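Participant: Generate a structure from the sequence data that follows.
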Amino acid sequence: MEMKWDDLIGIALLGTERRRPAGVIGDAAEAASSLLDAAAAGVVRRRAGLLPGSAGPRPKPAAPDRRPELPPAARRRLATLLADRSGSGGGNRRGAAPNLAELLPQWLAAARREGYAVPPELLPALLDVARARTDLRADALAFAGPGGRWLAQLNPDWAYALRAGAAAVPEPGPPGTETEQDQEEAARLWEEGLFAERVALLTRLRTSAPDTGLALLAATWKSERAEDRLMFLDSLRTGLSPADETFLEQALSDRSRNVRATAAELLSALPESALAARMAVRARTCVSLGPEGIVVEAPYECDAAMERDGVAPRPPNGRGERAWWLGQLVDAAPLSMWPARFGGRSAEQIIALPVLDDWQPDLHAAWCRAAVRQRNAVWARALLGPPPAPTAPVIAIGDPAKLLSILPPAERAEWVASFVAAHGLSEAFQMLGVCAVPWAAPLGRAVVDALDIARDAGSYPWSFSGVMGLAERCLDPAGAEQVAVLASAGEEAADGAPGASAYWAEAFQRLAGTLRLRAAMLAELHPRGA
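Facilitator: Here you go, the predicted model:
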């Protein structure tokens, strides 16, 4: 007797002991066998009775990728890096083998700079890795190019690539090279694109065609949501110029407090802006030169005009109102006003003047913020001063790393190298992070020497794991042999931690191996004759 498919499923779910197939009167084994036979026959009938489905439309082909192919050795290297899932391992001890997961970001950045296209067969692995690691996404999606975006449309697991927007926006060309077709495509994407795509587009245009980007933003500004206006306004930091002042002045009257504050901050970064001039007038009334030094008379109120220009009326917990208002006025005033205010003195001479009534920390901190905001290397240099001598205490004014970021790369590296040589690595991590990569030779030597001194002191290497990680990414690969010399385990320090010398040898072996790998990776991206 033929059984219906639904009946077979019901018997299988209940079990043959509770419900027997029709016509079976034997034991449980016979019932189970009969059920399987009936199911097999039913499957054949169901498959034979299926009609072929209609073929759906083929997906449109991906846009052509005209970038050159990777050299064969670089292609193999990428496959190896993408296949590695070991990470850095657990615990403090990492072993002597280089961490391939940390080499992948460097490889992607280098390949993107060289303008290579990703091999199509490696696109799925690349999108999988970038899905798990947000730190890779910008370089990975740019490297993936149009093929990556095409694949992302076919797999929900890669939807992040569509939201990120970077894959939809091409790399910026030289300013002034955009064609009429480029402008039409930009306008279409601005009107129809996802929010992330629009942010990426605006950021790109601010590099290649800042006026075009500003015009697109101004055209839709009033219809944008407050949180979107804030993100778009933040994109104007790229390519900020006096041409943006009129738009930013209008944003000072925005209904969103955060938008108003960001507009004021951007205007204060333009020393010739009307807002900077208004802040200069206010700052002059607060800071003057007396016979014994700088005299500070902080504001007694925050009026409506100050609030419109971005002064936040309520201080954070633990901060006095007058000091809070003073700091905001001074850090928004153009630094170019102070030499005339102090009798023609230079920035170094002004910093050296005594500040009366304990106002020096507030005043100097505000000048630091102004130097960073206005990208003023003269004031940054004056506020940093020379690196403190080995016997002098380290007294930071403001954020030294941010001040250093304004200086030219060579000067920055020289200052940090001197600091590390004098004071070691304990307070240098943030400073090292703003130095140009690869580190200049003097800075690299100073860091390696400081690590060697830390080894001799008997501490464990993971006390310097942050610096070690930076060294793996930032040391010039040419310094691999200098590091390799330190890889041999030395004698244990008499008062050092047990086994520290062996751990240091392991760490130096890993560092040397990583540098050699980085050198090989770069060579593979620049094959001879290419």
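Participant: can you list the domains in the chain?
Facilitator: 5-47, 100-168, 180-268, 274-384, 403-525 (automatic domain parsing).
Participant: Compute the first-to-last residue distance for the fourth one.
Facilitator: So the one you mean is domain 274-384. One end of domain 274-384 sits 29 Å from the other (C-alpha to C-alpha, to the nearest Å).
Participant: before we move on, the earlier item: now for the domains of the chain, which one comes closest to R77?
Facilitator: Nearest of those to R77, taken as C-beta to C-beta: domain 403-525 at 5.6 Å. Just so you know, the C-beta spots here come from the backbone N, C-alpha and C atoms, and that holds for glycine as well.
Participant: quick one: the helices in the stretch 151-300 of the chain?
Facilitator: Shown for the stretch 151-300 of the chain, the helices assigned by DSSP state H, counting those that start in this stretch span residues 159-164, 180-192, 195-208, 210-220, 226-235, 245-251, 257-268, 274-286.
Participant: P477 is in contact with A512, isn't it?
Facilitator: No. Judged on C-beta atoms under 8 Å, P477 makes no contact with A512 at a distance of 10.1 Å.
Participant: Compare those two (neighbour count), which wins?
Facilitator: For P477 versus A512, the count of surrounding residues by other C-beta atoms under 10 Å is larger for A512: 22 against 16.
Participant: May I ask which helix or strand encompasses that one?
Facilitator: A512 is part of helix 500-525 when elements are defined by DSSP states H and E.
Participant: Give me the packing partners of the host helix or strand of I453, helices and strands only.
Facilitator: For I453, the host element (DSSP H and E) is helix 441-456. On a contact count with 3 or more C-beta pairs under 8 Å, 6 or more residues apart in numbering; DSSP states H and E, helix 441-456 meets helix 409-423, helix 465-474, helix 480-485, helix 500-525.
Participant: quick one: the helix holding A512 to helix 465-474, angle?
Facilitator: Relative orientation of helix 500-525 and helix 465-474, computed by axes from the mean of the first three to the mean of the last three C-alpha atoms, to 10 degrees: 20 degrees.
Participant: Can you list the buried residues in helix 500-525?
Facilitator: 500-501, 503-518, 521-522, 524-525 (16 or more other C-beta atoms under 10 Å).
Participant: Could you list which residues are in contact with the most centrally placed residue in the chain?
Facilitator: Residue closest to the mean C-alpha point of the chain, counted by C-alpha atoms, centre = their mean, is D135 at 6.7 Å. Applying C-beta atoms under 8 Å, 6 or more residues apart in numbering, we find D135 in contact with P105.
Participant: Count the residues that sit near A478.
Facilitator: By other C-beta under 10 Å, 12 other residues sit near A478.
Participant: Find the nearest non-adjacent residue to it, please.
Facilitator: A519 (7.4 Å; C-beta to C-beta, 6 or more residues apart in numbering).
Participant: again with H423
Facilitator: Spatial nearest neighbour of H423, excluding adjacent residues (C-beta to C-beta, 6+ apart): V394 at 6.0 Å.
Participant: Give the full set of residues in contact with the one you found.
Facilitator: So V394 contacts P388, H423, E427 (C-beta under 8 Å, 6+ apart).
Participant: For R67, which of the domains of the chain is the nearest?
Facilitator: Among the domains of the chain, domain 100-168 comes nearest to R67, with 3.8 Å by C-beta to C-beta.
Participant: Point out where the stretch 51-200 of the chain drops to low pLDDT.
Facilitator: Counting by pLDDT under 70, the stretch 51-200 of the chain has low-confidence residues at 85-96, 163-182.
Participant: mind running it again at 90?
Facilitator: Along the stretch 51-200 of the chain, the model assigns pLDDT under 90 to residues 51-64, 84-103, 106, 113, 132-138, 141-142, 149, 153, 159-189, 191-200.
Participant: ranges for the strands of it?
Facilitator: Using DSSP state E, counting those that start in this stretch, the stretch 51-200 of the chain contains no strands.
Participant: Test my guess that L108 contacts L136.
Facilitator: Yes. Taking contacts as C-beta under 8 Å, L108 lies within contact range of L136: 6.4 Å.
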